[in-house]
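J.: the following block contains a protein sequence and its predicted model.
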Amino acid sequence: SGEFDTMCGVPLAALPLCSVLSTSKLIPMIIWRPEVKSHGTGKKIEGRYEKGDRCIVVEDIVSSGGSVMGVVSDLRDAGLVVSHTVVLLDRQQGAVHNLLSHNLTVHALLTIDVIIDCIEKCKKAPVDQIEKVKLFFQQSESLSLPAKKIEPCKSKKTLLNR
């Protein structure tokens, strides 16, 4: 665990994964908030860290890498050194390239190709359906990051009421 001083999960799905990694590897975890709350500490980044600390970002699934970059940008602005992210699944839609262009190396446990190959070899889906899925991913291989940072939705309405 000497390579990193802290880790940060991308909200929300990666937080439990990051928490498990943090406790099992004995690496402290910090939490990034998409928006600062008016109550509590009022901080964007919660937890103990110092400028210059090496932080690894944990994510569940990456497509373009935009969610990871939102977190990384704020962590770097706070003085943390972020050069690696570990992800459960790379959908192979441009995240590795996009994140590398921001000096961030992606370490993926699985790729969508591995999952599709497994489904195909185990005959768990009809051949025509597998071909449609392969075509979908081939056609969406190069999603790019947005030119500017995406702001979180501030609406108090639920998705159904918007």
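T.: Received the coordinates, thanks. This is a predicted model, so every value here is computed, not measured.

J.: which SS class is the residue nearest to the spatial centre of the chain?
T.: Centroid-nearest residue in the chain, with Cα atoms, centre = their mean: residue 59, separated by 3.2 Å. With DSSP: H, G, I helix; E, B strand; the rest coil as the basis, residue 59 sits in strand.

J.: kindly report the same for the one 5 residues further on.
T.: Reducing the assignment at residue 64 to three states with three-state DSSP gives coil.

J.: count of residues packed around the closest residue to it other than its chain neighbours?
T.: Once flanking residues are discounted, residue 64 sits nearest to residue 143: 3.8 Å by Cβ to Cβ, 6 or more residues apart in numbering. (C-beta placed from N, C-alpha, C; glycine too.) The number of residues packed near residue 143 is 16, by other Cβ atoms under 10 Å.

J.: so residue 143 lies in a helix, does it not?
T.: No: using three-state DSSP, the secondary structure at residue 143 is coil, not a helix.

J.: okay, buried residues for the helix or strand of the chain with the lowest mean pLDDT please.
T.: The weakest-scoring helix or strand in the chain, judged by mean pLDDT, DSSP states H and E, is helix 127-139 (a mean of 92). Of all the residues in helix 127-139, those buried under the rule 16 or more other Cβ atoms under 10 Å are 130, 133.
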